[in-house]
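Asker: please work out how this folds:
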Amino acid sequence: MALDQETFDQLIKTVRRFVEERLRPLEGAVEAADAVPADLVAEMRDLGFFGLSIPQEYGGLGLTMSEEVRVVLELGRTTPAFRSVFGTNVGIGSQALIMSGSEAQKAEWLPRIASGEIITSFALTEPEAGSDSASVQTRALLDGGHYLLSGSKRYITNADKASLFTVMARTGGPGARGVSAFLVPADLPGVGIGLPEKKMGQQGAHVCDVNFDEVRVPAGNRLGAEGEGFKIAMRVLDRGRLHIAALCVGIAERLIRDCVAYAGERTQFGQKIAEFQLIKAMIADSKTETMAARALVLQIAGQKDAGEPSTMEAAAAKYFASETVGRVADRAVQIFGGAGYIADYGIERLYRDVRLFRLYEGTSQIQQLIIAAEVMKRGG
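Answerer: I've put the predicted structure just below:
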């Protein structure tokens with residue numbers, strides 16, 4: 001259920017102010033420390049960020065997709081590491097439970113996810129199962145009233161902070177139909193979390209390996225029926241891709257503003273570089289592509305809220321927006337020149353940060369395959 005307009009407008013103002021006054025001033029410190037300060041995390045909890053997409057009956061704000069992407073556009077004004085603090089709770093870490101969980105499962109977990117008491121994580125990727133997500137090898141063998149879960153997951157966001165994992169594991173034969181989904185508390189015996197990986201960008205947002213050594217998972221923690229895990233995962237990723245697309249647009253808009261401000265101050269050859277035609281061309285290209293990406297995200301969010309098909313549409317939005325922000329970030333470095341390569345201005349950090357968007361929740365090439373398959377299935 002959508003918020004009333006006055007309440008939603010106030011939410012947008014609150015998020016914008018929080019980003020400008022609290023988050024942006026700490027971007028460099030978070031990069032250096034590879035950690036988001038605990039007091040900021042507490043403020044995010046108090047502001048309801050962990051429950052943006054959680055239904056209101058379970059303590060969340062229950063935003064529609066259209067409302068959620070508008071909030072995410074605002075969050076794009078700062079380093080994406082801040083959003084990642086609660087991003088899994090809002091997105092891939094909770095959506096399988098919202099979409100496919102029983103009433104008992106939702107009542108048990110969702111209120112604590114919405115409050116931020118529980119951090120969630122989504123465990124699909126494995127050492128030999130990345131883009132080919134239907135080939136997961138982690139196994140869950142039924143043993144009385146429990147499943148014995150064994151295997152390894154790789155590059156799992158927020159794994160070192162998570163209290164609850166949504167895990168995709170094989171309960172049947174090969175291929176997508178043999179995969180099931182499980183809610184796995186992090187404190188069960190046999191769950192092991194690796195050290196955070198050293199990454200190119202998005203410092204402060206951690207990814208780790210997760211290992212399961214014959215973890216006894218109650219059968220009541222399975223989401224949906226056996227064999228529905230891959231379908232559940234794809235539905236979760238459809239939604240997550242639209243969220244990420246909005247984030248890409250927000251960051252692109254921030255980069256454009258930074259470029260315009262810098263070009264209006266930097267003087268070369270006796271004039272502001274904003275007056276040079278080739279600088280104007282880069283800004284024009286960036287603005288045009290970002291406007292198109294924003295329009296695509298908002299249109300598809302509306303279609304999703306209306307219950308229309310969104311697999312191809314979400315893939316298209318994520319593909320176009322992630323490629324767009326990559327180009328915008330590259331042009332930003334070019335416009336800033338040497339300053340764009342120096343850490344003080346933050347442009348090189350965002351240049352590194354946005355590179356991940358073309359990889360996770362499906363690479364650009366996977367999005368192309370999804371788009372093409374859906375176009376052909378729908379007859380063009």
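Asker: could you check the pLDDT of residue 133?
Answerer: Here, the pLDDT recorded for residue 133 equals 87.
Asker: hmm, I was thinking of residue 305
Answerer: 96.
Asker: thinking it is in contact with residue 64, fair?
Answerer: Yes - with contact defined as Cβ atoms under 8 Å, residue 305 reaches residue 64; the gap is 4.9 Å. All C-beta atoms are positioned from the backbone trio N, CA, C, and that covers glycine.
Asker: now do the strands in the stretch 151-300 of the chain.
Answerer: 164-170, 179-185, 191-193, 207-218, 222-223, 267-268, 271-272 (DSSP state E, counting those that start in this stretch).
Asker: which ones are touching residue 212?
Answerer: 138, 149, 150, 151, 152, 153, 167, 184, 190, 191, 192 (Cβ atoms under 8 Å, 6 or more residues apart in numbering).
Asker: now, of the residues you listed, which are buried?
Answerer: 138, 149, 150, 151, 152, 153, 167, 184, 191 (16 or more other Cβ atoms under 10 Å).
Asker: in CSV, list the residues you listed along with distance to residue 52 and pLDDT.
Answerer: Listed next are the buried ones among the contacts of residue 212 as CSV, based on distance: Cβ to Cβ, whole Å; pLDDT from 0 to 100:
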residue, distance to residue 52, pLDDT
138, 29, 98
149, 30, 98
150, 34, 98
151, 31, 98
152, 31, 98
153, 25, 98
167, 23, 98
184, 24, 98
191, 27, 98
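Asker: of those, closest to residue 125?
Answerer: residue 153 (6.3 Å; Cβ to Cβ).
Asker: ok, that closest one to residue 247 distance?
Answerer: 23 Å (Cβ to Cβ, to the nearest Å).
Asker: coming back round to it: out of the strands of the stretch 151-300 of the chain, which is closest to residue 79?
Answerer: Nearest of these (Cβ to Cβ): strand 207-218, 15.7 Å.
Asker: on that earlier part again, got JSON lines for the contacts of residue 212, with distance to residue 319 too?
Answerer: Listed next are those as JSON lines, based on distance: Cβ to Cβ, whole Å:
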{"residue": "138", "distance to residue 319": "28"}
{"residue": "149", "distance to residue 319": "33"}
{"residue": "150", "distance to residue 319": "35"}
{"residue": "151", "distance to residue 319": "30"}
{"residue": "152", "distance to residue 319": "29"}
{"residue": "153", "distance to residue 319": "25"}
{"residue": "167", "distance to residue 319": "27"}
{"residue": "184", "distance to residue 319": "31"}
{"residue": "190", "distance to residue 319": "38"}
{"residue": "191", "distance to residue 319": "34"}
{"residue": "192", "distance to residue 319": "35"}
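Asker: wait, residue 221 touches residue 188, no?
Answerer: No - using Cβ under 8 Å, residue 221 is not in contact with residue 188, being 9.6 Å away.
Asker: the two: which is more packed in?
Answerer: Per other Cβ atoms under 10 Å, whichever of residue 221 and residue 188 has more neighbours is residue 221, with 21 against 15.
Asker: for the more buried one, give me its contacts.
Answerer: 105, 182, 183, 184.
Asker: again, but for residue 259
Answerer: Here residue 259 is in contact with 282, 283, 286, 331, 332, 335, 336 (Cβ under 8 Å, 6+ apart).
Asker: can you list those residues in a markdown table and add neighbour count, distance to residue 358 and pLDDT?
Answerer: Compiled in a markdown table, these are given as follows (neighbours: other Cβ atoms under 10 Å; distance: Cβ to Cβ, whole Å; pLDDT from 0 to 100):
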| residue | neighbour count | distance to residue 358 | pLDDT |
| --- | --- | --- | --- |
| 282 | 20 | 20 | 98 |
| 283 | 19 | 22 | 98 |
| 286 | 25 | 17 | 98 |
| 331 | 21 | 16 | 98 |
| 332 | 27 | 16 | 98 |
| 335 | 26 | 21 | 98 |
| 336 | 22 | 22 | 98 |
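Asker: among these, which are in helices?
Answerer: 282, 283, 286, 331, 332, 335, 336 (DSSP state H).
Asker: let me see the domain layout of this structure.
Answerer: For the chain, the structural domains run 5-115, 120-227, 231-377, going by automatic domain parsing.
Asker: the helices in the stretch 51-200 of the chain, which residues?
Answerer: 65-75, 80-90, 95-100, 103-115 (DSSP state H, counting those that start in this stretch).
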